[in-house]
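In: A structural model of the following input is requested.
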Amino acid sequence: MTGAVVTPAGMRIITLLVGQPPQTMASLIQATGVTRTAVTEQLNDLLGSGFVRRTLERAGRGRPRHRYEATELALRTLFANNQRLLAPALVDAVTEIGGAELRRQVLEGATQRLIEHYRQQITAQDPGPRFTQLAELLAREGVVVDVEQRPDRVVLHQRTCPFVDMVDDSRAVCAVEKAMMCGVVGFPVEMVGCRLDGNSGCTFQVHAAPPPSDSLDYPPTGPGATAVSR
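Out: Next up, the predicted model:
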């Protein structure tokens, strides 16, 4: 779970493991200078969070022992990197090279790829359950979301923004996110609150049951058909 909190003691363990061959319990105890119980508690928390992987080593006639290593999730989640700077820098570069039209085409292509990424993981048929499943997928990726089940609709309160570093006055990325949701759910998704308007987060909603066929005015999901321009 990417939303897990790692204590300073846990970070010390992770720092000893990352970029190193798998370590034994004994080596971690020696490196940290704390008790086996303390190291075990931290490792159990890290294993539960998916930041550490444990393997069983069998060598000769001796007693099997566990070895521990940091996972790719720990590397991507817990250590500083500049990946968050890359996406907005790429969009700015595209705009400088090809102008607003090329930027629109690039965002449309990105939207379609996001739709394909999430849609293949959705199994429900009706819009409400599909929207709920999408919220669960976003939560697994580290987005903090609250889902409210109302009699006639499902409301998603998105308390963190996965595209916060790309948001600007044009709100083009906001349009990408909404178009992605429409494409994944397959039914109209309404944005009823935005953090850019002073709200604490962004709120989206979808009707729990399919709307009448003549009201299906959500963005089409075919290649190049998603409208994300202002």
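
In: May I have the phi/psi pair for residue 163?
Out: Taking degrees, to the nearest 10, you get phi -120, psi 30 for the backbone angles of residue 163.

In: Can you check the pLDDT for the residue positioned nearest the centre of the chain?
Out: Nearest to the geometric centre of the chain sits residue 141, at 2.5 Å (C-alpha atoms, centre = their mean). Note on residue 141: pLDDT of 84.

In: pretty sure it contacts residue 158?
Out: No. With contact defined as C-beta atoms under 8 Å, residue 141 does not count as touching residue 158 (12.0 Å). No exception for glycine: its C-beta is placed from N, CA and C like everyone else's.

In: ok, back up a step: could you check how far the residue nearest to the centre of the chain is from residue 118?
Out: As judged by C-beta to C-beta, to the nearest Å, residue 141 and residue 118 stand 10 Å apart.

In: Over to residue 149?
Out: For residue 149, the distance to residue 118 equals 20 Å [C-beta to C-beta].

In: When these two are compared, which one has more neighbours?
Out: A count of neighbours by other C-beta atoms under 10 Å puts residue 118 above the other of residue 149 and residue 118, at 19 against 10.

In: what about that one, helix or strand, and which?
Out: Using DSSP states H and E, residue 118 maps to helix 83-119.

In: and that helix, how far out from the chain's middle?
Out: What separates the centre of helix 83-119 from the centre of its chain is 18 Å, taken as C-alpha atoms, centre = their mean, to the nearest Å.

In: Can you give me the buried ones in whatever helix or strand comes next after that helix?
Out: Of the helices and strands lying after helix 83-119 in sequence (DSSP H and E), the nearest is helix 127-140. Across helix 127-140, burial judged by 16 or more other C-beta atoms under 10 Å covers 127, 128, 130, 131, 132, 133, 134, 135, 138, 139.

In: Same check on stretch 163-173?
Out: Neighbour-count burial for stretch 163-173, counted by 16+ other C-beta under 10 Å, picks out 166, 167, 172, 173.

In: ok, so of these, who is nearest residue 49?
Out: residue 166 (27.3 Å; C-beta to C-beta).

In: Quickly note the distance from that closest one to residue 47.
Out: Distance, residue 166 to residue 47, by C-beta to C-beta: 34 Å.

In: what's the answer for residue 86, then?
Out: On the measure of C-beta to C-beta, residue 86 and residue 47 end up 31 Å apart.

In: go on, residue 65?
Out: Residue 65 is 16 Å from residue 47, by C-beta to C-beta.

In: just residue 144 next, same as before
Out: From residue 144 over to residue 47 (counting by C-beta to C-beta), the distance is 23 Å.

In: ok, now residue 55?
Out: From residue 55 over to residue 47 the distance is 11 Å, taken as C-beta to C-beta.

In: ok, those two, which is more surrounded?
Out: More neighbours surround residue 47 than the other of residue 55 and residue 47, with 14 against 10 (other C-beta under 10 Å).

In: and the nearest residue to that one once chain neighbours are set aside, what does it touch?
Out: In space, and not counting its chain neighbours, residue 47 is closest to residue 54: 6.1 Å by C-beta to C-beta, 6 or more residues apart in numbering. By C-beta atoms under 8 Å, 6 or more residues apart in numbering, the residues touching residue 54 are 43, 47, 66, 67, 68.
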